[in-house]
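Asker: okay, sequence plus prediction incoming.
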Amino acid sequence: MNEQIKGVIADMEFLTGIYRKLITLLPSFKLTDEKILPYGLKPHTRSVSWLVEQVVTQQTKYRKGELGLDYVEFDFPDTSLHDCEIRTEERKSFVNVKIHDMDKKDTKNDISAVEKLYMQYSANPKYSLIYACFGIRFENVNISFDPDYLVLFSPQFLPIYLNPRNDKIQAFYHHEPEYRTRAKFLDLLKTNSKSIKL
């Protein structure tokens with residue numbers, strides 16, 4: 001197996017350990033006071049996903065010592081592919097946090113705009129993005145993490161299916177990885193995309 005592929009797999013394994021620990025440290029939280037939303041929040045994933053992502057990234061930084069991390073940053077523009085950068089002496093990881101509502105069925109999701117992925121991976125040979133998907137349940141104004149649902153994956157290993165309507169990679173969060181080199185990944189993006197102009 002290619003060394004770069006092994007590096008991505010090792011990065012996913014490392015982050016899985018970090019986020020499993022974070023879920024035990026922060027199993028649940030309230031989004032707001034019940035006096036503000038006395039009838040609760042409509043159970044719609046979009047209504048809470050950005051807030052949950054903020055909780056994950058900020059708690060990762062706040063608890064970096066407990067998690068054995070040297071550096072965590074989450075202050076990136078909305079256009080950035082990653083929500084969070086995590087560093088130790090041995091590694092630097094770029095993470096994009098995703099949310100899955102455990103009360104809904106597993107469906108294909110738009111993962112990322114192909115052109116942005118292609119440009120970032122082409123411009124920076126050391127850049128490697130990891131998606132971390134957390135399973136949540138929300139009731140009224142309470143969010144709880146499902147301790148058994150944590151899915152980490154790399155776009156490099158995704159089954160490449162592009163949504164023809166918006167040129168985004170679309171996949172199930174739970175999928176069988178297709179281990180491929182970075183060069184092969186870039187080639188597949190270029191071949192299948194309508195938006196990449198070279």
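Answerer: Looks like it came in fine. Residues are numbered from 1 along each chain as shown.

Asker: when you work out contacts or count neighbours from here on, use the C-alpha atoms and nothing else.
Answerer: Noted.

Asker: buried sites along the helix ranked longest in the chain?
Answerer: With DSSP state H setting the assignment, residue counts place helix 3-25 as the longest helix in the chain. Neighbour-count burial for helix 3-25 flags 5, 8-9, 11-12, 15-16, 18-19, 22-23 (criterion: 16 or more other CA atoms under 10 Å).

Asker: the helix or strand following it pairs with which strands?
Answerer: Going down the chain from helix 3-25, the next helix or strand is strand 28-30, by DSSP states H and E. Partner strands for strand 28-30, per DSSP bridges, with pairing direction: strand 142-153 (antiparallel).

Asker: now the angle from the partner strand to helix 3-25?
Answerer: For strand 142-153 against helix 3-25, the angle by axes from the mean of the first three to the mean of the last three CA atoms, to 10 degrees is 170 degrees.

Asker: any idea how far strand 142-153 is from the middle of the chain?
Answerer: 12 Å (CA atoms, centre = their mean, to the nearest Å).

Asker: I would like the residues contacting that strand, please.
Answerer: 12, 15-16, 19-20, 23-24, 27-31, 102, 130-138, 173-174, 177 (CA atoms under 8 Å, 6 or more residues apart in numbering).

Asker: run the last query once more with 7 Å
Answerer: Applying CA atoms under 7 Å, 6 or more residues apart in numbering, the contact partners of strand 142-153 are 12, 16, 23, 27-31, 130-138, 173-174.

Asker: hmm, back to that, take the buried residues of helix 3-25 and lay them out in JSON lines including pLDDT and distance to residue 75.
Answerer: Output for the buried residues of helix 3-25, formatted as JSON lines (pLDDT from 0 to 100; distance: CA to CA, whole Å):
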{"residue": "5", "pLDDT": "93", "distance to residue 75": "28"}
{"residue": "8", "pLDDT": "95", "distance to residue 75": "23"}
{"residue": "9", "pLDDT": "95", "distance to residue 75": "26"}
{"residue": "11", "pLDDT": "95", "distance to residue 75": "21"}
{"residue": "12", "pLDDT": "96", "distance to residue 75": "22"}
{"residue": "15", "pLDDT": "97", "distance to residue 75": "19"}
{"residue": "16", "pLDDT": "97", "distance to residue 75": "22"}
{"residue": "18", "pLDDT": "97", "distance to residue 75": "20"}
{"residue": "19", "pLDDT": "97", "distance to residue 75": "19"}
{"residue": "22", "pLDDT": "96", "distance to residue 75": "20"}
{"residue": "23", "pLDDT": "96", "distance to residue 75": "22"}
